[in-house]
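> sequence-free structure coming up:
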């Protein structure tokens, strides 16, 4: 998609939907990557002491 990083561009409704879907997918993949890294570093979470 052209001009995906041009936030000042006036888009029609089809372009706007594509713009938001593209950024939603990007945020999803970044979240999955960060979650996977955190899971590898500390897979069980913090140890609870009683």
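It's in. Since we're looking at a predicted model, the values are computed, not measured. Residues are numbered from 1 along each chain as shown.

> What pLDDT is listed against the spatially most central residue of the chain?
In the chain, the centroid-proximal residue (Cα atoms, centre = their mean) is residue 27; its distance is 0.8 Å. Per-residue confidence (pLDDT) for residue 27: 96.

> again with residue 18
As predicted, residue 18 sits at a pLDDT of 86.

> roughly how far apart are it and residue 11?
Going from residue 18 to residue 11 by Cβ to Cβ, to the nearest Å gives 8 Å. C-beta: built from backbone N, CA, C; applies to glycine.

> just residue 21 next, same as before
In terms of Cβ to Cβ, residue 21 sits 12 Å off from residue 11.

> next one: residue 23
Distance of residue 23 to residue 11, given as Cβ to Cβ: 12 Å.

> what's the answer for residue 42, then?
Taking Cβ to Cβ as the measure, residue 42 falls 41 Å from residue 11.

> Those two - which one has more neighbours?
Using other Cβ atoms under 10 Å, the more surrounded residue of residue 42 and residue 11 is residue 11, with 13 against 10.
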